[in-house]
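K.L.:
Dropping a prediction and its sequence here:
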Amino acid sequence: MQRKAYVPGVAALLAAVLAGCTGSPDDGGQADNSNPGSAGTATQAAQPGKYATLPEPCGVVEDATLDQLLPGIGEMTDEAQREKAYAGEATLTYDTDRKVGCRWKVESAAATDHLLVDFERVVSYDNAVSDDAQAGELFATKQEAARLPEPTVTTTETGTPSTDPSTEPSSSPSSGSPAASPSAAPSDLRPRLLEDLGDEAFLDDELSDSGSTAEQRTVTVAFRTSNVIVTVEYAEQPMTVGTVPDSKELQDRARKLASELADSLGG
């Protein structure tokens, strides 16, 4: 049987068509082992926060600091009772990698003092949102809930806006109570933002109206460093009705402790 003639022109045309379809990496064509859409479309995950663990809350406060915050410890004559007072009581938590806290309550001849230290580590489950950013959003909500008073803006002689704190109260709007001490408290004791603590911080000062019993003052200092939010809540209730806890004294103690905690975190 006679074989069919081989036609060089047809073979050449077929080769040219195949070459045009496959291409090569050198001439801009797509390589056979490439993965369409894999390059340039993948989203890089947001950076994790600085902290992956939390400290042991009942052991992070020095005994010397507790002596200042809880004067009643120094009045205790029973050694076992004193050790229990120093130890504090851990708050209920279901995940010690995410949230821990410790409480202390000590009575003295003059007053009952309460202290709460709380640590919360924030983790974002959104690849587009970093742990720090998620913690910042949570801290903003916490700050908003504190209802810090807005500073009054005045104009100086040069026309430059400035903040006049003299018109601000020394207790939070929710307390409905006057200044911290028997006389008017200085304006710099009002609830406010703090600029020298962590990445962001605020202080709240509330005097409760407890009716027939002595008024309790609660000072809260909260700050954020990276993806950890720390809250110090320090309260004092005098034994004598009509005695008002000193705002400056409580704020100074709470701020000192908050600074020590920030240092312990390295933030």
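P.N.:
Done, it's in.

K.L.:
pLDDT score assigned to the closest residue in space to residue 130 that isn't next to it in sequence?
P.N.:
Spatially, and ignoring its direct neighbours in sequence, residue 130 is nearest to residue 46 (3.8 Å; C-beta to C-beta, 6 or more residues apart in numbering). No exception for glycine: its C-beta is placed from N, CA and C like everyone else's. On pLDDT, residue 46 comes in at 77.

K.L.:
Surely residue 46 and residue 129 touch.
P.N.:
Yes: using C-beta atoms under 8 Å, residue 46 is in contact with residue 129, at 5.7 Å.

K.L.:
Around the residue nearest to residue 130, count how many other residues there are.
P.N.:
16 (other C-beta atoms under 10 Å).

K.L.:
Likewise for residue 243?
P.N.:
15.

K.L.:
quick one: contacts for the residue lying closest to it once chain neighbours are set aside?
P.N.:
Excluding the flanking residues, the one nearest residue 243 by C-beta to C-beta, 6+ apart is residue 214, at 5.9 Å. By C-beta atoms under 8 Å, 6 or more residues apart in numbering, the contact list for residue 214 reads 237-243.

K.L.:
Same list (the residues you listed) but as JSON lines, adding pLDDT.
P.N.:
Output for the contacts of residue 214, formatted as JSON lines (pLDDT from 0 to 100):
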{"residue": "237", "pLDDT": "93"}
{"residue": "238", "pLDDT": "93"}
{"residue": "239", "pLDDT": "91"}
{"residue": "240", "pLDDT": "89"}
{"residue": "241", "pLDDT": "86"}
{"residue": "242", "pLDDT": "84"}
{"residue": "243", "pLDDT": "87"}
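
K.L.:
Greatest separation within those residues: which pair is it?
P.N.:
Greatest spatial distance in these: 237 and 242, 12.5 Å, computed using C-beta to C-beta.

K.L.:
neighbour count winner among these two?
P.N.:
Each of residue 237 and residue 242 has its neighbours counted (other C-beta under 10 Å); residue 237 has more, 19 against 8.

K.L.:
which residues does that one bridge with?
P.N.:
Taking DSSP bridges as the rule, residue 237 bridges to residue 112.

K.L.:
list the contacts for it?
P.N.:
111-112, 114, 210, 213-217, 245.

K.L.:
roughly how far apart are the residue lying closest to residue 148 once chain neighbours are set aside and residue 146?
P.N.:
Sequence neighbours aside, residue 191 is the residue nearest to residue 148 in space, at 4.7 Å (criterion: C-beta to C-beta, 6+ apart). Distance from residue 191 to residue 146, counting by C-beta to C-beta, to the nearest Å: 7 Å.

K.L.:
swap in residue 218?
P.N.:
On the measure of C-beta to C-beta, residue 218 and residue 146 end up 11 Å apart.

K.L.:
same question, residue 138
P.N.:
13 Å.

K.L.:
picking up where we left off before, looking at residue 191 and residue 146, which has the bigger crowd around it?
P.N.:
More crowded of residue 191 and residue 146, by other C-beta under 10 Å: residue 191, with 24 against 16.
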